[in-house]
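Chemist: Only the shape, not the letters, is given here:
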């Protein structure tokens, strides 16, 4: 019988990872997504919670691209892969 160590995300308990660093990265991404959602919903009150969550996760997953764009490299946004 083999024993397998898995790590569970604290913010997404159904998500399991084989490596602690990967689980930590996922938790940090979700934490950023939550903060982004809150900011976006304050800035655009008509934004639904679902839309805010989707936007927050999209931006958090693509944080490196957005960071480049915010540093006067707007063309970096061409690197984004759109969902759907």
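Modeler: Arrived safely, thanks for sending. Keep in mind that what you see is a predicted model, and the values were worked out from it rather than measured.
Chemist: Could you pick out the longest helix of this structure?
Modeler: helix 20-43 (DSSP state H).
Chemist: buried ones in the helix or strand just after that one?
Modeler: Using DSSP states H and E, the next helix or strand after helix 20-43 towards the C-terminus is helix 49-61. Residues 52, 53, 55, 56, 57, 58, 59, 60, 61 are the ones in helix 49-61 that count as buried (16 or more other Cβ atoms under 10 Å). C-beta here means a position set from N, CA and C on the backbone, and glycine is covered the same way.
Chemist: Please apply the same query to stretch 30-44.
Modeler: Within stretch 30-44, the residues that qualify as buried are 30, 32, 33, 34, 36, 37, 40, 41, counting by 16+ other Cβ under 10 Å.
Chemist: Any chance of a markdown table for these, columns pLDDT and distance to residue 8?
Modeler: Formatted as a markdown table, those follow (pLDDT from 0 to 100; distance: Cβ to Cβ, whole Å):
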| residue | pLDDT | distance to residue 8 |
| --- | --- | --- |
| 30 | 95 | 13 |
| 32 | 96 | 19 |
| 33 | 96 | 18 |
| 34 | 95 | 18 |
| 36 | 97 | 23 |
| 37 | 96 | 22 |
| 40 | 96 | 28 |
| 41 | 95 | 28 |
